[in-house]
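A.B. asks: quick check, what structure comes out for this input:
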Amino acid sequence: MKPVIPRETVHAISESCSDLGEEFAAVALRIQGEQKTLLKHLEREFSRIDPIAGQVALYMTMVCVRVFEDGGPEGALLRRVNQSSIDAATRAVHAQQATLLPIGDGFLDRAKTAERAQPHLLDEVLWALYERSEEELKEQEADLSEVQKVQIYFMLWIAVEALNLKWRATA
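C.D. replies: Numbers count the residues shown, from 1 in each chain. Modelled structure (predicted):
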C-alpha cells in the first residue's frame with residue numbers, strides 16, 4: 001500500500017505554489033514536458049466541456065504533480081502518467097461517481113468520504129474549490145459555477161488517481 005501524503009505537507013506545497021505567482025510558469029512548463037499525456041487528456045476533456053474550467057483544472061493538476069514530487073517519502077519517484085493509468089483511474093472514479101451526486105447539498109461531504117488514493121490532496125482540491133473564504137480568493141481567479149467545480153473535482157480526482165499509480169517509493 002502506498003503512503004498517504006500528510007495533510008500538512010499537501011497544504012504547505014500547495015501554498016508554496018500559489019506564493020510563486022508568475023514564477024510558477026517555469027514549474028508549469030517543466031511539468032507540461034514531463035506529464036504530457038495527462039495534461040493532454042485534461043485539455044481534451046475540458047475543450048469539449050468548458051475551456052475556462054479547464055484552465056483552472058490544468059493549474060490545479062500542476063500543483064497536484066508538485067505535491068507528488070515533493071510530498072512523499074524520501075526516495076519517492078513520480079513516473080510519467082500513461083494512457084493505461086488514466087483509463088484505470090477513470091474506471092475507479094466512475095465506479096464511485098454516482099454515490100457523490102447530485103450536485104448541491106451534501107456533495108462536499110460525500111466527496112470527502114469517498115475512497116480515494118490520496119484523500120488529503122483531494123481534500124485540498126475541495127477546499128480550494130468550495131471552502132476558501134472571500135479574502136483567500138485572488139482577484140485573477142475565475143468565478144466558477146457549481147457545475148464547473150464538480151467537473152474540475154472529478155477530473156482532478158482522475159488525475160490524482162493516475163498520478164498515484166505512477167508514484168512509488170524507490171528506497
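A.B. asks: which positions in stretch 33-44 come out as buried?
C.D. replies: Buried residues in stretch 33-44, defined by neighbour count with 16 or more other Cβ atoms under 10 Å: 35, 38-39, 41-42. Bear in mind the C-beta positions are built from the backbone N, C-alpha and C, glycine included.
A.B. asks: which of these fall in helices?
C.D. replies: 38-39, 41-42 (DSSP state H).
A.B. asks: turn those into a markdown table, including distance to P102.
C.D. replies: Shown next, in a markdown table, are those (distance: Cβ to Cβ, whole Å):
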| residue | distance to P102 |
| --- | --- |
| L38 | 28 |
| L39 | 29 |
| H41 | 26 |
| L42 | 24 |
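A.B. asks: looking at these, spot the one nearest G54.
C.D. replies: Nearest to G54 out of these is L42 (Cβ to Cβ; 6.7 Å).
A.B. asks: helix, strand or coil for R80?
C.D. replies: coil (DSSP: H, G, I helix; E, B strand; the rest coil).
A.B. asks: buried ones in stretch 51-64?
C.D. replies: In stretch 51-64, counting by 16+ other Cβ under 10 Å, buried: 53-54, 56-58, 60-64.
A.B. asks: so where do the helices sit in this protein?
C.D. replies: 7-20, 24-34, 36-49, 51-71, 83-100, 107-113, 119-126, 146-165.
A.B. asks: counting by contacts, list what the third one packs against.
C.D. replies: Where contact means 3 or more Cβ pairs under 8 Å, 6 or more residues apart in numbering; DSSP states H and E, helix 36-49 is packed against helix 51-71, helix 83-100, helix 146-165.
A.B. asks: among these, which is the most enclosed?
C.D. replies: Burial of the helices and strands packed on helix 36-49 is given as mean neighbour count (mean count of other Cβ atoms under 10 Å); helix 146-165 ranks first at a mean of 22.
A.B. asks: contacting residues around stretch 82-92?
C.D. replies: Stretch 82-92 has contacts (Cβ atoms under 8 Å, 6 or more residues apart in numbering) with 37-38, 41, 158-162, 165-166.
A.B. asks: 6 Å instead?
C.D. replies: For stretch 82-92, contacts defined as Cβ atoms under 6 Å, 6 or more residues apart in numbering pick out 37, 41, 158, 161-162, 165-166.
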